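# Compute the structure for the input listed below.
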Amino acid sequence: MIDFVHPWAFILLPVPLLVIWLAPVYKESKSSVKVPHFSRLVEISGEEPQEGAVKLSRNFIKRCLVLIAWLCLVVGLAKPELIGAPVNIERSARDIMVAVDLSGSMSVEDFTTEEGRKVDRLTAVKDVLRSFVQGREGDRLGLILFGDAPYLQAPFTADSSAWMSLLNESEIGMAGQSTAFGDAIGLAISAFEKSKTKHRVLIVLTDGNDTGSKVPPIDAAKVAAAYEIKIYAIAVGDPTAVGEEKVDLEVLNSIAESTGGKSFQAFDRQQLQAVYAEIDQMEPQAFDSLTYRPKSSVHHYPIAIVAALYLVALLIVSVKIRLARMRLKHG
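Predicted coordinates:
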């Protein structure tokens, strides 16, 4: 299928006819021959004397070449495009922001690896997140690290390997020792404001209660609900801890319920894996389908035809001139 970018160019097709109709005939002056008794010759021939000019005319082939060249120029000006078969592209319709607590209590080694080795909470979170991210191919992921204050470590991206590299570079305490849980939700809201998708998910991992946020977590969650952001809150702290290291499960439940999400408790690696598996079931991948037809411009082909006709015409003229000279030379 062929489409034209500038179809209005075809109104130029009748221009040669208008030129032939409106423009005066081209006349070329020629040398005249004096004839004795001119008036007597006029009487005998019955012809009226005219100005010494010759009306040039082209043969049929020349006219056809001119018309073809003009048609090709107009078609090239209209810029024809060859439209290919439809191509379907699927892209993620979901943005997932993961907020990870880097407070000092995340250094407690109360998680066990598959090999039976004791590791701190952050190492366990990184390990399980790796499996979770690998199963979310196509989703756009963002990363927020928070302690005394939240920091956007990675804006939304479909590059899961780059996202994982940024998470692996995080260290306990690099954002401070406190837990600004509410401010982390606020930063996530700001990131989602720039997102065009309607499927917005925030996963928050924390092992302590909020200690220094400018906006209380419950108030921040209400704003998130207004922006249609669903929050999944995961408690990775020790339920028997006291003070700042004690997880406020009631606050986590209120945050999740107010946004249509859910709260979880993960006090070992197996529970953490089960949490992510459940989130996978609750938030299956969603895709937007985009269909387009590739276009490639072919306007250069009619221009090439004009150039070829011009070269052929020059070749024919040069051959005719050469033959005429040879006849004069040998005649």
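
# Do you have the helices of the stretch 1-150 of the chain handy? List them.
Secondary structure of the stretch 1-150 of the chain (DSSP state H, counting those that start in this stretch): helices located at 15-22, 38-45, 60-77, 121-134.

# in the third one, what's buried?
Going by neighbour count (16 or more other Cβ atoms under 10 Å), the buried part of helix 60-77 is 65, 69, 71, 72, 73, 74, 75, 76, 77. C-betas here are computed from N, CA, C, even on glycine.

# Report the next helix or strand after the one helix or strand residue 219 maps to in sequence order.
Using DSSP states H and E, residue 219 falls within helix 217-226. The helix or strand immediately downstream of helix 217-226 is strand 229-235, counting by DSSP H and E.

# Tell me the strands beside that next one, with direction?
The partner list of strand 229-235 in its sheet, established with DSSP bridges, is strand 199-206 (parallel), strand 262-265 (parallel).

# Pull out the CA atoms of the first one and give them to me as CSV.
The one in question is strand 199-206. C-alpha atoms of strand 199-206 as CSV (Å, rounded to 0.1, in the frame of the first residue of the first chain):
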residue,chain,number,x,y,z
HIS,A,199,-1.5,0.6,37.3
ARG,A,200,0.6,1.9,40.2
VAL,A,201,2.1,-0.3,42.9
LEU,A,202,4.3,0.7,45.8
ILE,A,203,6.1,-2.1,47.8
VAL,A,204,7.6,-0.9,51.1
LEU,A,205,10.1,-3.0,53.2
THR,A,206,10.8,-1.7,56.7
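
# Between helix 217-226 and it, find me the angle.
In terms of direction (axes from the mean of the first three to the mean of the last three Cα atoms, to 10 degrees), strand 199-206 departs from helix 217-226 by 160 degrees.

# what does the average pLDDT come to for strand 199-206?
Averaging pLDDT along strand 199-206 yields 88.

# same deal with the last one?
In this model, strand 262-265 carries a mean pLDDT of 86.

# Check the strands paired with strand 229-235 for me and report the most buried one.
strand 199-206 (a mean of 24; mean count of other Cβ atoms under 10 Å).

# now the angle between helix 121-134 and that strand, please.
Going by the same axes, to 10 degrees, strand 199-206 makes 160 degrees with helix 121-134.
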